[in-house]
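Trainee: how would this look folded up:
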Amino acid sequence: MGVLRLAWFELRRFRGPLPRLVPVMLMLVPTLYGALYLWSNWDPYGRLHQVPVAFVNEDRPVDARGQHIDAGGRLTEVIRHDQNFKWKVTDAEAAREGLDDGDYHFVVTVPPDFSATLATTASAEPRQAKLLMTLDDANGFIIGKMAEVAKTQLQQQISATTQSTLVQQLYGETGTLKAQLAGSADGARQLAANAGSVPPEQTRQGAAQLADGLARLDAAVPAPPPAQSAGADARVLGAPVVIEVRNLHPAVLYGRGLAPFFFGIALWVFGLVGYLLLRPYNPRALAGRAGAVKVAIAGWLPAAALGVLGAFVLYAVVQLGLSLDADDPGLSLLLIALAAVTFVAIAQFLRAALGAVGDVLILVLLMLQLTSCGGLYPVTTTPEPFQALHPVLPMTYLVNGLRITLTGGQGERLGVAFAVLGAYLVVALIATVFVVRHKRMWTMAGLKPSVEL
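Mentor: All right, here's what the predicted structure looks like:
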């Protein structure tokens, strides 16, 4: 028998509607993995206009040198029409709550003295005005890098906005200086024209008035500053506004920021591999008199125990080898343990219900979660299908929870992560119990698996 004929026999054993899906799904694995991942991350920076960020204006307008300066208000109007991010103009309290809850990825705040500080740029002692950009790595590490783009764009917008304010002030000063110079020039011309036809006493009075006017003009023009001061003033005029960045819970290192994502991948892959080697239930127990709950739990416990131990080994290796230094090690261990047993329960259900097809489905779910959990770029920068999947897949909640236990953050989202993963665990175990109960109804088709590995 030839090699090709033997190969054909291997493919022919996948008979029936469900078994025939196995080679098709295997064939599509590279496409699913490569195309989905590329699609989700094709142009994240081109979708920044979908990233929600908050803008808070606490500036108090001032009047300086005859000009009303409301730099914060003008900047707010610019932000309202900006298309680079999904800006939300709000107050400080709502912005901080939104940042803690993950509704905003960062917050830009205009301080109360913004206009007053900008007004000094036309004075003898100019000072740089400051804006505050607040981040939180508990909302994702990569968004901090994206905020650098926002910082650059915002700096350009601020420069355009503040330049007009500075020009108004400088033109106001120039107008005053022009009027004073014109008055002095008229006085000098009158004095020169009448020099030979007026009494000496009146000439002396005119000269005294002209000298007095020139003295006032000299006082109005500031003395040239020292070279060092002039350099500092030039820097202020060149960059009248600086943006300070504050991270509430910094991950500091790239690896620590991405650790939640890779922990999720590792624990899900364990569920896939675990039931390639272990059985989802014991066939002898299934044929015996043990209850369906007992059979299902007995099939889950070995893989669950190994999964927890594997999760702890992973954590120990990353801690000892890479200095993970979690903000809360205890909660981190508890969360990855819960994720391990939950992912194992999901894999057990799919393997028990669908056999080899379930293994392929577990792999497909891994690909979908890689692209929709928001582990790298914010999920709002991905296409709409991934945004729709984001809140319904379990890896999302492991990633969200680990970000808080590793770097710190708001505890309410951590509670949600524990609750959702716990719910997935219970539902998967109950579903496996029903599968075991159904398997006990012996049929001719049930005596021979549709797909054998």
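Trainee: against which helices or strands is whatever helix or strand V357 lives in packed?
Mentor: Per DSSP states H and E: V357 is located in helix 356-372. Where contact means 3 or more CB pairs under 8 Å, 6 or more residues apart in numbering; DSSP states H and E, helix 356-372 is packed against helix 17-40, helix 254-277, helix 329-354, helix 384-389, helix 394-407. Placement of C-beta: from N, CA and C, glycine included.
Trainee: the inter-axis angle of the second one versus helix 394-407?
Mentor: Angle, helix 254-277 to helix 394-407, by axes from the mean of the first three to the mean of the last three CA atoms, to 10 degrees: 140 degrees.
Trainee: so for helix 254-277, what gets flagged as buried?
Mentor: Within helix 254-277, the residues that count as buried by 16 or more other CB atoms under 10 Å are 256-261, 263-268, 270-272, 274-275.
Trainee: buried sites along stretch 7-16?
Mentor: With burial defined by 16+ other CB under 10 Å, the residues of stretch 7-16 counted as buried are F14.
Trainee: picking that back up, for the helices and strands packed on helix 356-372, which one sits closest to E58?
Mentor: Closest to E58 of the helices and strands packed on helix 356-372 is helix 394-407 (CB to CB; 27.5 Å).
Trainee: relative to the whole chain's centre, how far out is the closest one?
Mentor: Chain-centre distance of helix 394-407: 14 Å, with CA atoms, centre = their mean, to the nearest Å.
Trainee: and if you look at stretch 68-84?
Mentor: 23 Å.
Trainee: quick thing: my sequence starts at 393, can you match it?
Mentor: Got it, the first residue is 393 from now on, which makes the last one we talked about stretch 460-476.
Trainee: only alpha carbons, please: show it as CSV.
Mentor: Written as CSV, here are the backbone C-alpha positions of stretch 460-476 (Å, rounded to 0.1, in the frame of the first residue of the first chain):
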residue,chain,number,x,y,z
HIS,A,460,-8.8,89.3,29.7
ILE,A,461,-7.0,86.0,29.7
ASP,A,462,-9.0,82.8,29.8
ALA,A,463,-6.5,80.3,28.5
GLY,A,464,-8.2,77.3,30.2
GLY,A,465,-11.5,78.2,28.5
ARG,A,466,-9.9,78.5,25.1
LEU,A,467,-8.1,75.2,25.5
THR,A,468,-11.4,73.6,26.5
GLU,A,469,-13.0,74.7,23.3
VAL,A,470,-10.0,73.3,21.3
ILE,A,471,-10.4,70.0,23.1
ARG,A,472,-14.1,69.8,22.4
HIS,A,473,-13.4,69.8,18.7
ASP,A,474,-10.3,67.6,18.9
GLN,A,475,-10.6,64.2,17.0
ASN,A,476,-7.4,62.6,18.2
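Trainee: quick one: what helix or strand has the most centrally placed residue in the chain in it?
Mentor: The structure's the chain has its C-alpha centroid closest to I535; by CA atoms, centre = their mean the separation is 3.1 Å. According to DSSP H and E, I535 maps onto helix 534-585.
Trainee: returning to what we had before: and the residue nearest to the centre of the chain, how far from H497?
Mentor: 5 Å (CB to CB, to the nearest Å).
Trainee: try V709
Mentor: 31 Å.
Trainee: looking at those two, which is more packed in?
Mentor: Remark: of V709 and H497, H497 carries more neighbours, 25 against 11, as counted by other CB atoms under 10 Å.
Trainee: what values do phi and psi take at that one?
Mentor: Phi and psi for H497, reported as degrees, to the nearest 10, are phi -90, psi -20.
Trainee: pretty sure the residue nearest to the centre of the chain is touching G494, no?
Mentor: No: using CB atoms under 8 Å, I535 is not in contact with G494, being 10.3 Å away.
Trainee: so where's the chain shaky on pLDDT?
Mentor: Within the chain, the ranges that satisfy pLDDT under 70 run 393, 408, 410, 514-516, 551-630, 833-845.
Trainee: how is it partitioned into domains?
Mentor: The chain breaks down into these domains under automatic domain parsing: 408-434+645-839, 443-576+616-639.
Trainee: could I get the ones you listed as JSON lines with distance to V395?
Mentor: Written out in JSON lines, the entries for the domains of the chain read as follows (distance: least, CB to CB, whole Å):
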{"stretch": "domain 408-434+645-839", "distance to V395": "18"}
{"stretch": "domain 443-576+616-639", "distance to V395": "49"}
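Trainee: out of these, which is closest to G394?
Mentor: domain 408-434+645-839 (20.4 Å).
Trainee: one step back: which neighbours do I535 and H497 have in common?
Mentor: Contact criterion CB atoms under 8 Å, 6 or more residues apart in numbering; residues shared by I535 and H497: V443, L527, P770.
Trainee: what about the first one, how many residues nearby?
Mentor: Going back to what we said before, that points to V443. 23.
Trainee: which residues sit in contact with it?
Mentor: So, once contact is read as CB under 8 Å, 6+ apart, V443 ends up touching F477, K478, H497, I535, M538, P770, T772, T773.
Trainee: kindly recompute the last result at 10 Å.
Mentor: 436, 476-479, 496-498, 535, 538-539, 542, 769-773 (CB atoms under 10 Å, 6 or more residues apart in numbering).
Trainee: narrow these to those in helices?
Mentor: If you go by DSSP state H, those have I535, M538, A539, A542 in helices.
Trainee: TSV for these, including distance to F778?
Mentor: Shown next, in TSV, are those (distance: CB to CB, whole Å):
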residue	distance to F778
I535	16
M538	17
A539	22
A542	22
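Trainee: what is the nearest of the residues you listed to F735?
Mentor: I535 (26.1 Å).
Trainee: need the contact list for the closest one.
Mentor: Counting by CB under 10 Å, 6+ apart, I535 has contacts 440, 443, 445, 497-498, 527-529, 542, 649, 766, 769-770, 772-773.
Trainee: recalculate using a threshold of 6 Å.
Mentor: H497, P770 (CB atoms under 6 Å, 6 or more residues apart in numbering).
Trainee: any idea how far it is from W434?
Mentor: I535 is 18 Å from W434, where distance means CB to CB.
Trainee: can you check A823 too?
Mentor: Counting by CB to CB, the separation of A823 from W434 is 35 Å.
Trainee: which one is R439 nearest to, not counting chain neighbours?
Mentor: Once flanking residues are discounted, R439 sits nearest to T773: 4.2 Å by CB to CB, 6 or more residues apart in numbering.
Trainee: distance between the one helix or strand L706 maps to and the chain's centre?
Mentor: Here L706 sits within helix 684-714, counting by DSSP H and E. Taking CA atoms, centre = their mean, one finds helix 684-714 lying 31 Å from the centre of the chain it belongs to.
Trainee: pull the distance from stretch 737-747 to the chain's centre.
Mentor: The answer for stretch 737-747 is 34 Å, by CA atoms, centre = their mean.
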